[in-house]
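Engineer: Just a sequence and a predicted model for now, questions to come.
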Amino acid sequence: MNRTSRLAGICLPAILALWMVLTCGSAIAQPDASMAAGNGNPNNGANTAAAAPAPTIAELRAEFARIAPAGKGGTNAIPGAEDDARKQLTQINDIGAQADKFVAARVGDLADLNARLGELGNPPAAGATEDPNITRQRAQLTKERNALDADIRLARLLSIDVRQRGTDLVSQRRQQFEAELTSRAASPLNGTFWNDLREAWPDDLARLQAIALALDDGFAQALEPENRTPVIAALIGALLLAWLGVWAAEHGLARLAMRVLPAGRLRRSLLVIAIVAAHVLLVAVAAHGFVEVLKAYATWDAQARKALQSAAQALTFMAFVIGLGRALLATARPSWRLPPIPDATAERLSVLPWLVALVAALAWTPAEINALIDASFAAVVGTHVLTALLLTALVGTVVYRLKALRADAPDAGLPERPMWVGLLVALIGVLMIAIWVLVAVGYVALASFLASQLTWSGIVAAAFYVLFKFADDVFMALVSSRSTFGQRLQKSFNLAPQTLDQAATVLSGLSRVGLFFYMLIALAAPLGTGPGEVFQRSGKFGTGVKVGEFQLVPGAILSAIAVAVVGFIVMRVFKRWLERSYLPNTQLEPGMQSSITTLLGYVGGILVIAFALSALGIGIERIAWVASALSVGIGFGLQAIVQNFISGLILLAEQPVKVGDWVVLGTAEGDVRRINVRATEIVLGDRSTLIVPNSEFITKTVRNMTLSNAEGRVLIRLPMPLTTDAQRVRGLILEACRAHEGVLETPAPSLTLEGIENGLLIFQAIAYVASPRLAGGVRSDLLFAILDELKKAALPMATPTTFMMAPAEPAAAAPAPATQNSPIPGMPT
């Protein structure tokens with residue numbers, strides 16, 4: 001197993017565990033309504049459902065009708081109405097799930113019945129006869145098909161009604177929550193507040209004593225002699241697992257990370273996630289396991305069971321907060337610390353995770369007790385006051401602690417604080433003052449909510465800081481050109497290092513955007529909701545957001561990105577197969593092979609983009625609309641680009657010029673190296689590259705030296721005096737051409753006497769070489785050889801005419817006549 005596989009194996013469970021705990025953290029203050037069903041035994045309903053047959057649509061419809069519709073009965077007037085609303089939401093969601101399951105199970109049967117009816121054919125026409133068995137079978141199948149189709153339609157209609165009722169319930173709970181936030185109670189600074197508490201205290205105390213007695217009876221039964229040994233053993237095992245198990249897991253994960261994972265940032269962020277997941281999983285197993293042992297060896301009423309379950313959830317959440325804080329501070333492993341905090345600062349902050357977890361539990365406990373005992377309104381108001389004061393004291397302690405550390409910043413080596421951090425601290429201070437003012441004037445529910453939200457926002461921010469770091473580290477470690485896997489991608493798909501680095505950056509950014517979306521949902525989780533409503537709300541966002549005429553659906557965006565990535569990878573693999581495997585085995589020229597590969601790349605890119613747009617939900621008519629809008633831009637400034645693009649396609653299709661040709665364009669002459677979308681690259685004789693727009697090859701005259709014949713021609717013109725022995729010169733020049741190894745034998749070299757110019761014989765020699773690229777070098781070699789042979793044969797060459805001018809006389813005098821030597825063509829005589 002390579003490092004990448006091991007990395008994925010460690011990464012996925014850890015990140016899923018952290019995400020589940022973070023999402024379900026708000027459930028601590030939400031008692032599980034399903035535990036109240038079946039006398040508090042969660043196994044009763046499951047066993048009954050497993051034993052009972054699946055309900056029919058009529059039974060599901062009747063059960064749905066028995067649930068009080070939203071808006072009737074309300075949830076504001078009766079105690080425990082919030083639990084009733086949550087129970088109704090759970091029940092109707094279960095009915096909807098059963099209806100969807102019914103539809104999924106019956107659709108196949110309906111398709112089979114339709115297929116069987118299709119095999120029997122249509123009923124005979126009036127007056128025609130058919131086999132009575134076929135008629136009877138068709139009637140029976142039609143009856144079954146109609147009945148099943150009616151049931152499926154009813155089930156789908158029931159599913160729609162369930163979703164509508166669920167939406168109404170959620171809206172009703174939201175309105176109730178908002179109404180409670182804006183309600184005003186007696187101020188703690190007023191005597192009415194304390195009088196209400198004193199008057200309600202006897203009844204609340206009686207309810208507390210009742211649940212305390214129920215818990216005491218349960219523990220007494222669990223500690224009876226016949227039950228004492230397994231219960232105590234379970235308690236010891238839970239404590240060892242929650243204490244020593246977490247310590248051993250933390251050290252073991254650090255050693256495993258050093259041994260298995262490569263050094264780098266990813267190892268640090270992954271270790272933080274693994275440590276948090278270990279804290280949560282081990283404490284959750286210990287707490288819930290011990291609760292299950294208590295349930296097995298004692299009888300508990302519904303309230304006692306809910307109290308035990310809530311205590312286990314609180315311990316799990318405390319383990320999450322403590323594990324997150326310890327993993328971020330990393331006092332035992334300073335080099336693995338994610339945030340840039342000096343060692344001394346981390347040591348002084350090490351107590352904060354324990355403080356936050358403890359105070360959060362203390363603030364949560366009174367609210368949970370109120371929900372369990374159905375406390376009075378005065379007790380609920382007092383709980384809001386206590387929660388607001390405790391949590392603001394916690395936030396103030398954390399801010400003061402950090403501010404004291406900032407005062408030692410020059411000595412501690414802390415970096416300069418950014419401006420946004422100062423603004424955030426100031427905003428927190430203003431919010432704390434606002435909470436105290438709200439408590440003083442009597443808006444205690446709103447003050448408690450703001451304090452809870454402030455604390456929860458800090459915990460969520462710390463958790464998502466880890467997830468943001470992990471998202472960045474995982475793509476940089478797996479996709480970037482500096483990683484091992486990235487280098488394999490580079491070799492396999494012939495990718496440029498910059499492309500991989502850009503892909504890693506884009507993937508990191510997209511993952512952070514997705515995490516930020518779920519961070520907003522997690523921040524909204526304490527707003528009177530449970531995890532089920534959180535996922536329901538995220539599902540609403542998943543249905544899409546309409547922007548103008550377009551429906552932006554997150555799932556469709558991810559599908560379009562996946563289609564584009566997979567499509568371009570497949571296209572690159574296909575082009576690589578063509579270039580290296582298939583086309584070299586054909587009889588096509590290399591230039592033709594390159595043109596085919598490039599043209600197929602263009603076509604494949606267009607198809608991939610079209611499929612990606614289709615996955616995004618943009619149809620052909622939308623693409624036509626975009627093309628028509630683009631034509632306006634083409635009319636204003638894109639003509640040249642489109643003209644060059646079309647010209648490039650014409651060059652690839654008609655191939656008047658292809659890769660490898662030797663062309664002459666104006667004064668430029670060179671080898672066609674590459675035909676791109678917009679321009680063509682020509683390598684000149686001095687090894688420089690000339691970039692020529694593709695339209696130049698279509699609209700102007702181009703000389704292709706190798707279009708029909710790949711051979712090159714060497715042309716040499718020599719002026720000789722009239723007294724020269726022409727036959728002897730002819731033999732010497734042809735012999736020099738035949739002697740050169742670069743000159744082709746067929747066609748053979750030739751020499752012609754073009755005529756007499758200015759008293760000189762003009763000889764023209766033509767020789768052929770294998771390629772125009774060799775013509776220049778062969779011509780130079782032939783000139784050297786011919787001049788040597790002419791010198792050896794004592795054959796004179798034409799000499800240029802020279803002019804000698806006499807100095808001017810003082811008096812006007814005629815100019816001295818010029819002396820003329822042997823003239824050459826083109827020179828005055």
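Structural biologist: Received, thanks. Numbers count the residues shown, from 1 in each chain.

Engineer: roughly how far out does stretch 101-113 sit from the chain middle?
Structural biologist: In terms of C-alpha atoms, centre = their mean, to the nearest Å, the centre of stretch 101-113 is set 36 Å apart from its chain centre.

Engineer: Can I get it in CSV? Just the C-alpha atoms.
Structural biologist: Taking Å, rounded to 0.1, in the frame of the first residue of the first chain, the C-alpha atoms of stretch 101-113 are listed here in CSV:
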residue,chain,number,x,y,z
LYS,A,101,-40.0,3.5,0.1
PHE,A,102,-43.4,2.2,-1.1
VAL,A,103,-43.0,4.1,-4.4
ALA,A,104,-39.5,2.8,-4.9
ALA,A,105,-40.5,-0.8,-4.2
ARG,A,106,-43.6,-0.7,-6.5
VAL,A,107,-42.3,1.2,-9.5
GLY,A,108,-40.5,-1.9,-10.8
ASP,A,109,-43.7,-4.0,-10.4
LEU,A,110,-45.6,-1.4,-12.4
ALA,A,111,-43.1,-1.5,-15.2
ASP,A,112,-43.3,-5.3,-15.3
LEU,A,113,-47.1,-5.2,-15.5
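
Engineer: who touches that stretch?
Structural biologist: With contact meaning C-beta atoms under 8 Å, 6 or more residues apart in numbering, stretch 101-113 is reached by 54, 57, 60, 141, 144-145, 148-149, 151-152, 155-156, 159. Placement of C-beta: from N, CA and C, glycine included.

Engineer: of those residues, buried ones?
Structural biologist: When those are checked for burial by 16 or more other C-beta atoms under 10 Å, the buried set is 57, 60, 141, 145, 148, 151-152, 155, 159.

Engineer: So which of those residues belong to helices?
Structural biologist: Among the buried ones among the contacts of stretch 101-113, DSSP state H puts 57, 60, 141, 145, 148, 151-152, 155, 159 in helices.

Engineer: And the residues you listed, which is closest to I433?
Structural biologist: The shortest approach to I433 among those belongs to S159, at 49.4 Å (C-beta to C-beta).

Engineer: What strand or helix carries the residue nearest to the closest one when sequence neighbours are not counted?
Structural biologist: Excluding its sequence neighbours, the residue lying closest to S159 (C-beta to C-beta, 6 or more residues apart in numbering) is A99, at 4.5 Å. Counting by DSSP states H and E, the element that carries A99 is helix 81-120.

Engineer: Ok, P366 next?
Structural biologist: Per DSSP H and E: helix 352-373 holds P366.

Engineer: Then L753?
Structural biologist: L753 belongs to strand 750-757, assigned by DSSP H and E.

Engineer: which helices and strands does the following helix or strand past that strand pack with?
Structural biologist: Toward the C-terminus, strand 750-757 is succeeded by strand 760-769 as the next helix or strand (DSSP H and E). Applying 3 or more C-beta pairs under 8 Å, 6 or more residues apart in numbering; DSSP states H and E, we find strand 760-769 packed against strand 712-721, helix 726-739, strand 750-757, helix 775-792.

Engineer: and the third one, which strands flank it?
Structural biologist: Looking back up the chat, that one is strand 750-757. If you go by DSSP bridges, strand 750-757 pairs up with strand 760-769 (antiparallel).

Engineer: Just put the helices and strands packed on strand 760-769 in JSON lines and tack on mean pLDDT, mean neighbour count and distance to K491.
Structural biologist: Below are those laid out as JSON lines (pLDDT from 0 to 100; neighbours: other C-beta atoms under 10 Å; distance: least, C-beta to C-beta, whole Å):
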{"stretch": "strand 712-721", "mean pLDDT": "86", "mean neighbour count": "17", "distance to K491": "38"}
{"stretch": "helix 726-739", "mean pLDDT": "88", "mean neighbour count": "16", "distance to K491": "49"}
{"stretch": "strand 750-757", "mean pLDDT": "86", "mean neighbour count": "13", "distance to K491": "53"}
{"stretch": "helix 775-792", "mean pLDDT": "87", "mean neighbour count": "16", "distance to K491": "38"}
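
Engineer: What I need now is these written out in a markdown table, including distance to L500 for each item.
Structural biologist: Listed next are the helices and strands packed on strand 760-769 as a markdown table, based on distance: least, C-beta to C-beta, whole Å:
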| stretch | distance to L500 |
| --- | --- |
| strand 712-721 | 43 |
| helix 726-739 | 55 |
| strand 750-757 | 58 |
| helix 775-792 | 42 |
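
Engineer: looking at these, which is closest to L239?
Structural biologist: The closest of those to L239 is helix 775-792. By C-beta to C-beta, the value is 90.2 Å.

Engineer: Show me what that closest one is packed up against.
Structural biologist: If you count contacts as 3+ C-beta pairs under 8 Å, 6+ apart, helix 775-792 packs onto strand 712-721, helix 726-739, strand 760-769.

Engineer: Pull the distance from it to the chain's centre.
Structural biologist: 67 Å.

Engineer: List the contacts of it.
Structural biologist: Taking C-beta under 8 Å, 6+ apart as the rule, helix 775-792 contacts 685, 712-716, 718, 729, 732-733, 735-737, 739-740, 742-743, 765, 767, 769, 797.
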